[in-house]
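Asker: Have a look; sequence and predicted model below, questions after that.
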Amino acid sequence: MKKYLAEFIGTFSLVLFGCGAAAVAGKTIPIAVADAPDGIGLLGIALAFGFAVVVMCYAIGPISGCHINPAITIAMLVAKKISAKDSVGYIIAQFAGATLAACALYFIRSNSPGFAMREWALASNGWGPGYLGGYSTAAAFITETILTFLFLFVIFAVTSKLGNSNMAGLAIGLTLVLIHLLAIPITGTSVNPARSFGPAILAGGKALGQLWLFIVAPILGGILAALFWRGVFETTTEAA
């Protein structure tokens, strides 16, 4: 239960800090607070997500491995680095943590002057006309799949026998920063089904209707990364 609770807290923190940075302080992002006096912008939001992962990696990594992302948990299951029982517990905890964080964010935002739940509220992920860059479904799906693949490749690499365990959290967090710098204008950046689920459930509308992509694409990218790592690199790292 300690592992599941750690995943709950970690995912809660990721959504609260990351989505909160976008919804409360990210003036330059259209779905954020239009009347904020100052905004942290795209870079600030990317750093908020990345730093949240760095902090949680070092805080709960020794307890649960700090997945805080169903795509990571499923990839680890495919790579045979976690049991089926634990993977189910992790995923339930992740979705629960993300949902509670979205509820907390909604409570905070709803107590500000002039608040209104617009389309893709609470930093929900999305695509198409009206959402940030207006990118197509195909562009959104390919972006989320490729970036999740690369994210998981880094995770497998830095946590392998050849990786530097002391620097793993920093490397993973910085990778997430890079991912956000590219993907925010396209999808708002998910690479994490739980991160997308929490805000979408409360926002409803288009955010909820488009949620399927942010579940399917990251999981697909994670599975491909696991198969690629096992087929090409894992034998090498074990031999080393």
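Answerer: Arrived safely.
Asker: for the helix ranked longest in the chain, packing partners?
Answerer: Longest helix in the chain by number of residues (criterion: DSSP state H): helix 84-110. If you count contacts as 3 or more Cβ pairs under 8 Å, 6 or more residues apart in numbering; DSSP states H and E, helix 84-110 packs onto helix 2-20, helix 70-78, helix 193-203. Bear in mind the C-beta positions are built from the backbone N, C-alpha and C, glycine included.
Asker: Which one, of the ones you listed, ends up nearest to residue 174?
Answerer: Among the helices and strands packed on helix 84-110, helix 2-20 comes nearest to residue 174, with 14.6 Å by Cβ to Cβ.
Asker: So what's the gap between that closest one and the chain middle?
Answerer: Computed by Cα atoms, centre = their mean, to the nearest Å, the chain-centroid distance of helix 2-20 equals 11 Å.
Asker: helices and strands around it, which ones?
Answerer: By 3+ Cβ pairs under 8 Å, 6+ apart, helix 2-20 packs against helix 41-64, helix 84-110, helix 193-203.
Asker: Now that helix - C-alpha only, PDB.
Answerer: Only the C-alpha atoms of helix 2-20 are listed here, as PDB (Å, rounded to 0.1, in the frame of the first residue of the first chain):
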ATOM      1  CA  LYS A   2       2.900   2.400   0.600                       C
ATOM      2  CA  LYS A   3       3.800   2.000  -3.100                       C
ATOM      3  CA  TYR A   4       0.300   2.800  -4.200                       C
ATOM      4  CA  LEU A   5       0.000   5.700  -1.900                       C
ATOM      5  CA  ALA A   6       3.300   7.100  -3.100                       C
ATOM      6  CA  GLU A   7       2.000   6.900  -6.700                       C
ATOM      7  CA  PHE A   8      -1.200   8.700  -5.600                       C
ATOM      8  CA  ILE A   9       0.800  11.500  -4.000                       C
ATOM      9  CA  GLY A  10       3.200  11.800  -6.900                       C
ATOM     10  CA  THR A  11       0.500  12.000  -9.600                       C
ATOM     11  CA  PHE A  12      -1.500  14.400  -7.500                       C
ATOM     12  CA  SER A  13       1.600  16.700  -7.200                       C
ATOM     13  CA  LEU A  14       2.400  16.400 -11.000                       C
ATOM     14  CA  VAL A  15      -1.100  17.500 -12.000                       C
ATOM     15  CA  LEU A  16      -1.500  20.100  -9.300                       C
ATOM     16  CA  PHE A  17       1.800  21.800 -10.000                       C
ATOM     17  CA  GLY A  18       1.900  21.300 -13.800                       C
ATOM     18  CA  CYS A  19      -1.700  21.900 -14.700                       C
ATOM     19  CA  GLY A  20      -2.000  24.500 -12.000                       C
END
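Asker: still on that earlier bit, would a markdown table of the helices and strands packed on helix 84-110 with distance to residue 105 and mean neighbour count be doable?
Answerer: As requested, those are exported to a markdown table (distance: least, Cβ to Cβ, whole Å; neighbours: other Cβ atoms under 10 Å):
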| stretch | distance to residue 105 | mean neighbour count |
| --- | --- | --- |
| helix 2-20 | 5 | 23 |
| helix 70-78 | 20 | 26 |
| helix 193-203 | 8 | 26 |
